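Asker: Need the 3D shape of this:
(chains A, B, C, D, E and F)
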Amino acid sequence: MTNTKLIVSHAPFWHNGDSLFQQNLNFFIALLPAALFGIFHFGAPALGVLALATSSAMLWEVIMSVLSKKKMAIADMDSAIIGLLFGMMVPATMPWWVVITGTFIAVVLGKFVFGGTGANPFHPTLVGIAILTMSWPAFLDFDTAYVSYQFDFTALAPLAALKAQGTYALASFSNYDLLMGNEVGGIGSTFGLGIIIGGIYLILKGYARWEIVASFIAGVLITATLFFVLHPDTYAPPLFHLLSGYTLIGAFFLAVENSSSPVNRIPMLIYGFLGGLMIILVRNIGIYPDGTVLAILLINLVNPLIDTIRPKALGKGVPNA
Amino acid sequence: MGDLFVLAISCIFINNILLAQFLGNCPFLGTSKKMETAVGMAMAVIFVLVMAGMITWIVDLYLLKALNVEFLRTVSFILVIASLVQFVEMFLKKSIPGLYAGLGIFLPLITTNCAVMGVCLINIKEEYTFIQALVSSFAYAVGFGLALILFAGVRERVILARVPKALQDTSIGLITAGMIALVFTVFRGMV
Amino acid sequence: MIKRSFFALSKPRLTYDLLDTSLPSAEELAIPGTLTLLLPEKIDRAKKALIGPGDAVKKGQKLKLYDDSAPYVLSPAAGTIKEFDSYADDFGSTATYITIKPDPSAKDDDQWAQTNLEQTLEFAADYLGHIPGALPVSTLTNPNYDIRTIVVTGADTDILCDTCQFVCTAYAGLMVAGAKILKAMTRADRMCITVPEKLSAQVNLDGFNVLKTSDTYPSNLPAMIMKDHFGKALSPGTLPEEEGVCFIRPEALVSLARTYETGHAVFDKIITLIDKGGQRHRVKATIGTPISKILSCFNVQINEQDRVIIGGPMRGFATYTVHHPVVPDMDTLMVQDSDVIPEISDNACVNCGECVRVCPANVPVNLLVRYLEANLYEEAADRFDLESCIECGLCGYVCRAGIPLYQYIRLGKHELLTLRENA
Amino acid sequence: MAQSLVKEFTKGLWAEIPLFRLVLGLCPALAVTKTCENGIGMGMATTFVLLFSNILVSMLRNIIPSKVRIACYIVIIATFVTIVEFVMQAYTYELFLKLGIFIPLIVVNCVVLGRAEAFAGKNTVMLSAADGLGMGIGFTLALSSLGAVRELIGAGTLTVWGGTPLFTIGHGYIPFQFMVEAPGAFVGLGMMLCLMNLIGKK
Amino acid sequence: MREMLSMIVVLTVLTAVSGGLLAAVKVKTEPRIEEQVLKFQKAPAIKAIFADATNDPIKERFNVKAEDTELQVFPSTLADGIKAVAFEAKGTGFGGPIGLMVGVNLDTDEIIAVRVTTHAETPGIGSRAKEDLSFVGQFAGMSMASNFGTKGQGGDIDAMSGATVTSVGVSQAAVAAQNLYKKLKPEIVKQMN
Amino acid sequence: MIPAILLMLGIGATCGIVLSLSSKIFYVYEDPRIAQVENNLAGANCGGCGYAGCSAAAEAVVAGKEPPTVCIINSKEGVEAVSRIMGVDAGAAEAPLSYNLCEGGNRAENKYHYMGVSSCKAMTAVFGGHRVCTVGCIGLGDCVKACQFDALHMGPDGYPVVDDAKCVGCGACQKACPKDIIQVKTLSEKLMEFNQEHGALAPCSQTCPAEINIPKYISEIKAGKYDEAVQTIRMRNPLLLSCGRVCPHPCEDMCRRGIEDEPVSINQLKRFVADYEMNSGSRIPITCAPDTGKKVAVIGGGPAGLSCAYFLRRIGHQVDIFDAMPKLGGIIRYGIPEYRLPKKVLDWEIQGILDLGINAFTQVKFGVDFGLSSLIASGYHAIFMGIGAWNDYALGIEGEDLDGCYKGIDWLSRFAGGQEMKLGKTAAIVGGGNSAIDCVRTLKRLGLEKVYIVYRRTRNEMPANEVEIVASEHEGIDFVFLAAPTRVIGDENGKVKGLEYLQMELGEPDASGRRRPVPIEGSETVLDVDMVISAISQAPDPSFKDTDPTPKIKDLELTRWNTIDNNPETLQSSIPYIFTGGDSATGPSLVVTAIGGGRRAARSIDLFLKGKPVEPVENSLQGKNIPESIFKKVDGITPIKRAKMPEIPVSERLDSMIEVDLVLPEDQALAEADRCLNCCRICYNPDTEFPIAK
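Answerer: I've put the predicted structure just below:
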């Protein structure tokens, strides 16, 4: 009996069985509808981009873990989700080397240098997209990306069209088309319905916080409505903003990323609302057609500040007897 | 009034002194490790920058331009700023020790803060009126403080994260700052 | 183990177990060949110890290390001291273990026969500090506390445990008697008892103020009782004692009553064993019995990498040796098979916020743990409410990254105390 | 003497190279290093100021009262900065245009004032000159290497002097423009610091 | 007291010496600087405007003056014998003043071409004003009397997308040029002859 | 030009006036050290230190919140200047380094599987950590994480290894270690460290009178790091060449391998590395702490004096050695014959010590050529007396002064000193100690026909080293046991012609456990010899007390054995500034004991010189054993023969005085080092029955 070594650990001795892998697996499941639609919609190249993005992101994670002699965290699938999200936000025609560079930036510069999962102050995928947009905007231009495709709908990126042509461009986009993915855009970001279904699944599973999603969407709608009501002929209607571009994928999958979003209720509401507000500000008065990426990065940036708003801890403020 | 507001917004966000103009980066990295110091530094910069902006504007108009010796701008400005900072430091220490404890210790950092000198020079270069100079000084300083405080918020977390050894401290601080600069491009074109 | 529900939008809900009525009484265990007593005092090699190997001890004899030391244990049986040595306990505190070889032929000691059983606190402090149920005499006699309310934890504080409930139902009469004695001893004017609100067993509790507690963990923890029933949220770092409330086990009252009834010290402790299959066994064992005896009594096989937990699954502690003795405050013994032991990781916090939302004390655990990991205890206490933690362990239970959050917090509190003592 | 001169000179080149080891002088480092050429120009201007201000400060170190020390140092530095400004305008005007506001801001470069305070104010003229020159050259090296990296990645060229690229990466290269933008400056410098950490001090 | 005195004296002497020294350097370098400014800032713009100049406008530059306004003018005779002048006007952009060299056909008062000389605009955005000829090209052929405001301000100039401020700066400069031209044209014509 | 000058004049004057006035008006007192410290910081106000500017950092330094090294860009000189301002004494300017006491690591036994926070601190909170041994390094690397300078990393064996080149001695690791295993000490502190309770001490180290870290140097030999092994020995023992030859190695008696197998040849290994250094042709550099400006006189250049001088010098004191003999070395030069310790080796070793900057004055006798007062007058702050024990005890029998009668040490030293000695043909040496053996073996080599050892007990009781006895048996020495000399018989010329002795038998054991010899009445026997050397024991020569004119010397108390009375822990004598060690304090004893005494005295002298109370080492464990290290059984050991010391064949060695014992060849040394069990680097399961304990 003396040689039987027991396990000694600290309470609690139970765990609810939740894990990072579970979380990411659920993210994966939730992303599937939109991703599958993207593959169906944009064909084999889309599948290639998604597969390459996911696998290269995981590969970068492996390479960096080996280089820095850190524990391999690939089994968590964290990088896979980063890569998949990256793939879903880019056009299906993106050259392979741009995808690999993008996932490198996302995984390494977005996450790894900050100390890995949980430490990234910004959403890694968005860091990748933002830096790529700054460097090689041509590869992320949806209008040129799909020139060789034949679509039975207006093959214009709705937001770019809005920016370039003003409100009369809106006529070519119906809300139903936008919702059903009849638009050009990122592989997985066009199918609004799929994103909404996946997102709701994620919320129900408890892996995305509904407060953020709801307030984000509210931010978009309220701000867009304000603009629209004031100048209906200059600005697009709120639903258009909600259903076009990255708005939905941003609301359901990007803004809710754990380590760059708040955990307390009021900050979550502020965070989401601010994100929605910024998107509309950028779209309506800024220079970028779709401000989702930078808007979410901006709320990521203010997250540490607003997340200090939290309920009083037990006994705080009670005079010490 | 509207113009001044636009000027202020552009100075705070779009032309942010730290992230777009690269001025004042040494204290930006040095004092952003803790939120407390960041807030203190931000306040001190606002205070000094407004003072310096006013004084140098006056010096420029009534001395340099009047005597047609604009080429002495650098020397005279920096001397005025350095003396001002030192004076304010001594004054606070003696007269308002409470404030000194909060702000004063940051004052020496400001002498070599290129943000102050830079803004003073920008004010002259842009040929701002006195009011404009005042607003721009204040707005630039607020922009400095805003960036510093946002940065400190992120950095407080980054410092505690398991950053790879070679990247720790300044290195990751710079990368984080780069990300913030990236984020600040969101304001482009908004005015 | 309770798993995360499929749709986990709301907080997880852990409920207390109600009394397992299938076990009407406790099985009695004979006095084993060796008894081990744990004495919470460090051995000072420079001083001459009062006890030594080979010394004969009587049943009920008070064993102390040195003349001037306060802690003592009572020998549960007559016999001889085999040895004593130091034992590293939790959080760096060093204790001493004393092993006694009981001599079955020896007569009961005369020490207790001669002792005049007074119903005073001084007497309790001198002789009753080691009775089953661990009467908190040091708290009761502490001049800094003005204990006016005594709360009997009729509802067990940890989930899965039902020893206290069992004692309340099985020994209600003795409890009432014990409560009277205790009331006579102390200045307490209020005697409360917590009872699970859904407990169906009817208990006759005369003279007690009954506090019905909800079945959601951690509502039976002292801090929660203070908040829910006395309306006093303890300010960070304070104990219920400082508010004049003392929490005691029902078994302490029972032992008290029995001591005064019989005139002899009592040493049999009621313990609930929860085996690997979750099956409960109730046993009455002499204090000092190695738990291996209890385990073998119920044929619990201990293999490599199993876990033996003293206390419940949320707040107990895992021992490294099956030779750990039965001690006066050991209510529950739980054995986990190596297969069901959840992995613990050294991942960094992923900031999912589950812990924050589940925390009954609103502690920002996600940030706190970063500071604790970096050993910034002062900051953790100042900015992130380290001391507000009521130590329920829920944060560790829900942690998605598998971080031992509760351990970090306990350690942080401990280090903070050390820091403050040194300052 | 000669040995210590060499020591003071060489420490600025590697062991205490201002930008990478001491992390001083960030503003010009970030702002002007879009091209290698700018880095070299800025570095040379700073070197000039460093060298002469160090010499002068060290010459006057016994005369200057400590209370107005900073003011005096700053006047000395500012004088040389203005001279550099004139000279650059007169002889390397294009470069002057690129470096813009950052030339007068050499005056508040922590490296310059820092060396005046930390070294020249306490050491002999020769040593201070060696220190200033070493630090200046080290600063130039750091700026130009950062500039080279940023320019190569961000523009696909390498310009050392005179505005025409010395070298252009192959035709198919699409410049990674991030590196020449403001965020790229921070990230690039951060990465270079990381590289320096990896290489180690020796 | 001694200490105070020494503080004052040292600082004063130092600053005075500095002032003197700088003044001396300034005097020495001034002509050369002026030459450089011409060579690097204005010459390329002038060359671009008067691509087919038969003379050397820079060498023949002269100053004109009316009331308190003084202007440096670069006269040119184009290949087709048209007399033209170029001069610089300033507007305020995003990062500071924008210099705009305007070449005007003296006979028709039509703009031959304009070029941005100096600016401190954001690279890649505002800086396009200098490189992007389609923007400054709008001015070519416009009459000096037309409205140089941007379309946003109700004028005739299409702003560069995403660089509104810079565009406005350029148009401001153009308006400034308009005013200068209006004021100084008689003088210029006088001097040209 | 003029406006420019005027303008700058104006601005300068304004600023100057404003500043000077405000410096008067707004004058606030502050600790002058703040300004001084600030002057010595880099002054760039860079904020890199985390403080707002240099003045804030200076305030933090003065307030004691930060070390003088706070400024990240400060030069070394600047740091030193700041340290000086802060009154950190010169001793601390010596760079402290971190080092690890426990080298058990993964080799240690665990008591449980740990699951939880991966830090030593957290694990220690759970039943004191998973190691069975109480000292044991937990090995989760809190210290490695605490190190800001990348100077610590986890070694392959699971305990931290310090990179001396990177360590700055900040002490962060020490603070981080919950078990006090990693410590930050200066070289001086390390040199002056004694075996204390918290050390991970093997039984051999505990037994060694010089407290050498034996397992460490053996493992270094095993790893082929001979230089480091030499350094390790030198931390405790400067005379490793001599000790490697003459030490009777009590450590080997405690060797745990001896339980199941033969003990490790510890001393052979020491000799191996010592010879390795000597034969390598260059000395391994020895570092000394910066000068402290204190002067110490060491009287007597024997092992105790040399050891004391060596350690005092290394911790920065100035030392002069005074010796009455023409050359340094004392008893190991004059009492140990050439064939055991060649003078060449000794010279090389002593030169190495003197090369540290120690002055030696030879042929000056304390009390005669100089005295206490002259030493004080020459500015010595403390005195170490290691004058040895040179007075042989007389046999106290009739005829002892006959021609041909000698005294052991006297004879040996005169012989070693090169004096022409009259030799007989046969000799009887009275005594059973090492010096008796030295005498007989020397005489044998000098060609005597018959040499007897006359000893009053039996061979088993002989105090001489076993190897020595065996060697002399090989060399054909005759032993006369149980013989008490009663009379030296002389011839008519007053020359020795025989030694009469009484035969003895062994009686009851006495207090020391040895059976007391009891004479057998009427058993007188005469041994025909023409030389009698009595080598029974020696005592110090107390004559300096009479010859030294300083009255103070009379205060120096002696014991009844004429040894200098001292506090056995601190070695301080009755005169506070006189310390003593070696044979003069203990009576005749081992060389290694004298060396240990010299180091102990050096520690006390250091304390005395620094004005600190001269107190014994706290929790000293010298000579005591950690209970769990004295395990009684060792499992799984395959007996491997202990390396046999190579010797010169008897036939060859008797013709000359050449060294008899040879050094182990490298492969054998490595094999021998491999036999070491690494006690206390592996924590064995203790024999305690109840596993709750450990």
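
Asker: part of a helix, is E:Leu107?
Answerer: Check again: residue E:107 is Asp, not Leu. No: membership of E:Asp107 in a helix is not supported by DSSP: H, G, I helix; E, B strand; the rest coil, which gives coil.

Asker: residues near it, how many?
Answerer: Using other Cβ atoms under 10 Å in any protein chain shown, E:Asp107 has 10 other residues around it. For the C-beta atoms, the positions are set from N, CA and C on the backbone; glycine is no exception.

Asker: count of residues packed around residue 48?
Answerer: Picked chain A for this. 16.

Asker: Please refer instead to chain D.
Answerer: The criterion is other Cβ under 10 Å. On that basis, D:Phe48 has 20 neighbouring residues.

Asker: That one and D:Gly136 touch, don't they?
Answerer: Yes: the criterion here is Cβ atoms under 8 Å, and D:Phe48 meets it with D:Gly136 at 7.4 Å.

Asker: Name the nearest residue to A:Thr133, ignoring sequence neighbours.
Answerer: Counting by Cβ to Cβ, 6 or more residues apart in numbering or on different chains, A:Thr133 lies nearest to A:Leu140, which is 5.4 Å off, once chain neighbours are set aside.

Asker: and that neighbour, what does it touch?
Answerer: By Cβ atoms under 8 Å, 6 or more residues apart in numbering or on different chains, the residues touching A:Leu140 are A:Val90, A:Pro91, A:Met94, A:Ile129, A:Leu132, A:Thr133.

Asker: can you check E:Arg61 too?
Answerer: Under the contact definition (Cβ under 8 Å, 6+ apart), the residues listed for E:Arg61 are E:Leu38, E:Gln72, E:Val73, E:Phe74, E:Pro75.

Asker: let's go with 10 Å and repeat that
Answerer: E:Leu38, E:Lys42, E:Ile46, E:Gln72, E:Val73, E:Phe74, E:Pro75, E:Val85, E:Ala86, E:Phe87 (Cβ atoms under 10 Å, 6 or more residues apart in numbering or on different chains).

Asker: do the same with A:Ile39
Answerer: With the criterion set at Cβ under 10 Å, 6+ apart, A:Ile39 makes contact with A:Pro45, A:Ala46, A:Leu47, A:Gly48, A:Val49, A:Leu50, A:Ala51, A:Ala92, A:Ile187, A:Gly188.

Asker: What strand or helix carries it?
Answerer: Element membership for A:Ile39, per DSSP states H and E: helix A:20-42.

Asker: can you tell me if the helix or strand just after that helix touches chain B.
Answerer: Downstream of helix A:20-42, the next assigned helix or strand under DSSP H and E is helix A:44-68. Yes: interface with chain B: helix A:44-68 contributes A:Met64, A:Leu67, A:Ser68 (Cβ under 10 Å from any Cβ of the partner chain).

Asker: Mark which of those are buried, thanks.
Answerer: Burial of these was assessed by neighbour count (16 or more other Cβ atoms under 10 Å in any protein chain shown); the buried members are A:Met64.

Asker: which one of the residues of helix A:44-68 next to chain B is nearest A:Ser261?
Answerer: In terms of Cβ to Cβ, no member of these lies closer to A:Ser261 than A:Met64, at 23.8 Å.

Asker: ok, and the closest non-adjacent residue to that closest one?
Answerer: Excluding the flanking residues, the one nearest A:Met64 by Cβ to Cβ, 6+ apart is A:Phe112, at 4.8 Å.

Asker: any idea of the pLDDT on the one you found?
Answerer: A:Phe112 is assigned a predicted lDDT (pLDDT) of 90.

Asker: pretty sure it is touching A:Val62, no?
Answerer: No: under the criterion of Cβ atoms under 10 Å, A:Phe112 makes no contact with A:Val62, lying 11.1 Å away.

Asker: nearest to chain C, of the contacts of A:Leu140?
Answerer: For the contacts of A:Leu140, the residue nearest chain C by Cβ to the nearest Cβ is A:Ile129; the value is 21.1 Å.

Asker: Show the contacting residues for the closest one.
Answerer: Under the criterion of Cβ under 10 Å, 6+ apart, the contact list for A:Ile129 reads A:85-86, A:89-90, A:102, A:105-106, A:110, A:123, A:140, A:186, A:246, A:254, A:292-294, A:296-297.

Asker: is it true that F:Val488 lies in a strand?
Answerer: Yes: judged by three-state DSSP, F:Val488 forms part of a strand.

Asker: Could I get the contacting residues of it?
Answerer: If you count contacts by Cβ under 10 Å, 6+ apart, F:Val488 has them with F:395, F:397-402, F:404-405, F:428, F:430, F:496-500, F:529, F:532, F:534.

Asker: swap in D:Asn62?
Answerer: Applying Cβ under 10 Å, 6+ apart, the residues contacting D:Asn62 are D:Gly121.

Asker: Tell me which helix or strand it sits in.
Answerer: Secondary structure here is read from DSSP H and E; on that basis D:Asn62 sits in neither a helix nor a strand.

Asker: measure it to chain F for me?
Answerer: Distance, D:Asn62 to chain F, using Cβ to the nearest Cβ, to the nearest Å: 14 Å.

Asker: where does the residue nearest to A:Met64 fall, phi/psi-wise?
Answerer: Listed backbone geometry of A:Phe112 is phi -60, psi -50, with angles given as degrees, to the nearest 10.

Asker: what's the spacing between it and E:Lys65?
Answerer: Plainly put, A:Phe112 is 65 Å away from E:Lys65 if you go by Cβ to Cβ, to the nearest Å.

Asker: Those two: which has the busier surroundings?
Answerer: Under the neighbour definition other Cβ under 10 Å, A:Phe112 and E:Lys65 were set side by side, and A:Phe112 has more, 28 against 11.

Asker: need the contact list for the more buried one.
Answerer: Applying Cβ under 10 Å, 6+ apart, one finds that A:Phe112 lies in contact with A:60-61, A:63-65, A:67-68, A:70, A:73, A:79, A:104, A:106, A:119-120, A:124, B:163-164, B:167.

Asker: mind giving me the domain ranges of chain A?
Answerer: A:20-138, A:168-306 (the TED database).

Asker: So the closest residue to F:Phe127 other than its chain neighbours versus F:His130, what's the distance?
Answerer: Residue nearest to F:Phe127 in three dimensions, not counting chain neighbours: C:Ala88, with 5.1 Å by Cβ to Cβ, 6+ apart. Noted for C:Ala88: a distance of 11 Å to F:His130, by Cβ to Cβ.

Asker: what sits in contact with each of those two?
Answerer: Where contact means Cβ under 10 Å, 6+ apart, the residues bridging C:Ala88 and F:His130 through contact with each are F:Lys111, F:Thr124.
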